[in-house]
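Trainee: dropping the sequence and predicted coords here.
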Amino acid sequence: MSFALVFPGQGSQSVGMGKELALWSAAARQTFEEADDALGFSISRLCFEGPEEGLKLTENTQPAILTASVAAFRALAPNLETPPEFVAGHSLGEYSALAAAGSMGFADAVRTVRERGRAMQEAVPAGKGSMAALLGMEREEILSICAEASSEGGLVTPANFNAPGQIVVAGWSADVKRAIGLFKERGGKMAVDLPVSAPFHCSLMEPAARRMEKILADIHIDSPNPVLINNAKALPIGKAREVVPSLVAQVTSPVLWEDSVRKMITEGAGAFIEVGPGKVLAGLIRRIDRNATVASFGSPQDLDSAVGLSGGRNV
């Protein structure tokens, strides 16, 4: 049974992430040291010790999660019984996936996502945009609600198609609030305002996309191996020239996570290992397909289950 490695995005961070791995694995420890050198400050201390307020800042969160994820990958990779068929990542996690697939150097990746965090934060004035998770309604109904809530010149649009009945919307704060009201009127199960600092993955991020286009133009990119399933179109990316356009499109496009997982399953991946902090993606994958086998690797205690899955064994 072939498998895929998947990498988490913003929201999976927690103080202490990666600390056990760095003590256990020389490869993980070296990854944190490389990140500190690349950034010019101790992102490792922020990951291991906090404070939480500093870790939550988008420009810190993104390189912190990427570093913890790549550290986990480097600790896990020598132990895998077979190579993965695909890699994929949720939003920020796409950079971790590309680093794991040898498409982007780790130092370049960690510096790039720090700038990505700044660019996304600065694209919309503070307090003007927001995001909300809408639970218990299918995408056609959410699309209709967003169109109605945006009808008077505003903007709210789907930003993450995470799993059946779990869709995140983003846009101007007033329009997001209007969409939540319509969602509740029409029988939606639950609406949750997300504690984010900007409305990610919508057209309001266009200034950030243009900044990322310039930044990425100076980065050396190789073809990803294994192939990446990208966020913007849920399609395979196997050539170097496809990577930068995909990453630029990702900034303003919804994250097609449900579609990406289904694509990997269709292409033969029956199992998934979430590599990095948290277990958010593992939970989403189980909701997308109950027959998928899922493991997580974020600490030394997870090694046996992850390695077993890579050998085709249910764990």
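Mentor: The structure has been received and is ready for your questions. All of these numbers come straight from a predicted model, not from anything done at the bench.
Trainee: tell me how far stretch 160-174 lies from the chain's centre.
Mentor: Relative to the centre of its chain, stretch 160-174 is centred 15 Å away, using CA atoms, centre = their mean, to the nearest Å.
Trainee: next, the buried residues of that stretch.
Mentor: By neighbour count on 16 or more other CB atoms under 10 Å, the buried set for stretch 160-174 is 160-163, 165-174. Backbone N, C-alpha and C define where each C-beta goes, glycine included.
Trainee: let's see it as PDB, backbone CA atoms only.
Mentor: The C-alpha trace of stretch 160-174 is given here as PDB (Å, rounded to 0.1, in the frame of the first residue of the first chain):
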ATOM      1  CA  ASN A 160     -10.400  26.300   3.200                       C
ATOM      2  CA  PHE A 161     -12.300  23.200   2.000                       C
ATOM      3  CA  ASN A 162     -11.000  21.100   4.900                       C
ATOM      4  CA  ALA A 163     -13.400  18.100   5.000                       C
ATOM      5  CA  PRO A 164     -17.000  17.400   4.300                       C
ATOM      6  CA  GLY A 165     -19.100  19.800   6.300                       C
ATOM      7  CA  GLN A 166     -16.000  21.800   7.500                       C
ATOM      8  CA  ILE A 167     -15.400  24.900   5.400                       C
ATOM      9  CA  VAL A 168     -13.500  28.100   6.400                       C
ATOM     10  CA  VAL A 169     -14.500  31.500   5.000                       C
ATOM     11  CA  ALA A 170     -12.500  34.700   4.800                       C
ATOM     12  CA  GLY A 171     -13.100  38.300   3.800                       C
ATOM     13  CA  TRP A 172     -13.900  41.700   5.200                       C
ATOM     14  CA  SER A 173     -15.100  41.400   8.800                       C
ATOM     15  CA  ALA A 174     -18.600  42.800   8.200                       C
END
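Trainee: mean confidence score for it?
Mentor: Stretch 160-174 shows a mean pLDDT of 97.
Trainee: try stretch 305-312
Mentor: In the prediction, stretch 305-312 has an average pLDDT of 86.
Trainee: next, give me the two most distant ones among the buried residues of stretch 160-174.
Mentor: Farthest pair in the buried residues of stretch 160-174 (CB to CB) is 163 and 174. Separation: 27.4 Å.
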